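# Kindly return the folded structure for what I paste below:
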Amino acid sequence: MANAVTALDFLLAGGIDVQAVHDRLPHVDPSTVEVRIAGPTFRRLWAEGIAAVTTPWAVYVQPSVMERQLAGGDTTDIAVLMVHELVHVEQLARLGIPRQVVLYAADYVRGRARRLGHWDAYRAVRFEIEARRIASEFMPGSPL
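Okay, here's the model as predicted:
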């Protein structure tokens, strides 16, 4: 992974306190979480508007996310997105892949059964709620 882009790169570029991330996500080492550009076939599986998807082996991002990251400038919002994705890495480590996938899918299906649209059902998934809540703690102006 010598030239690989990692979640740590995103956090540092966005001015995120890495120690604070570690304190919130003790099962995650951002320097070992590789960030890759998602290929076109994989992206076709994503709902429109998704910026990143976490798998057990890497975080996959839209090409535009990686382009902005590599271009420098203000990447605070991308760093907060990476905190969100690292929460999912933490969840996978905490629960294990099979359990997390089943619970995630069950929450989504329950939401759809309650006649929620795709985005509302997605937002109601407990793992997404947790990821948004923790990521919001790292937004500029949020007290840690």
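
# Look up how far residue 136 lies from the residue lying closest to residue 79 once chain neighbours are set aside.
By the measure of Cβ to Cβ, 6 or more residues apart in numbering, the closest residue to residue 79 outside its immediate chain neighbours is residue 14, 2.2 Å from it. Just so you know, the C-beta spots here come from the backbone N, C-alpha and C atoms, and that holds for glycine as well. Noted for residue 14: a distance of 14 Å to residue 136, by Cβ to Cβ, to the nearest Å.

# what about the residue nearest to residue 79, how many neighbours?
Here the neighbour count serves as a burial measure; for residue 14 (other Cβ atoms under 10 Å) it reads 20.

# okay, it: pLDDT?
The predicted structure scores residue 14 at 93 on the pLDDT scale.

# What of residue 63?
pLDDT recorded at residue 63 is 94.

# Could you pull up the residues touching residue 35?
Residues touching residue 35, when contacts are defined by Cβ atoms under 8 Å, 6 or more residues apart in numbering, comprise 4-7, 9-10, 58-61, 66, 82.

# which residues touch the residue positioned nearest the centre of the chain?
Most central in the chain under Cα atoms, centre = their mean is residue 85, positioned 1.4 Å from the mean C-alpha point. For residue 85, the contacting residues are 7, 33, 52, 54, 59, 131, taking Cβ under 8 Å, 6+ apart as the criterion.

# Quick check on it: phi, psi?
Summarising the backbone geometry of residue 85 under the convention degrees, to the nearest 10, its torsions are phi -70, psi -30.

# got a pLDDT number for it?
Note for residue 85: predicted pLDDT of 97.
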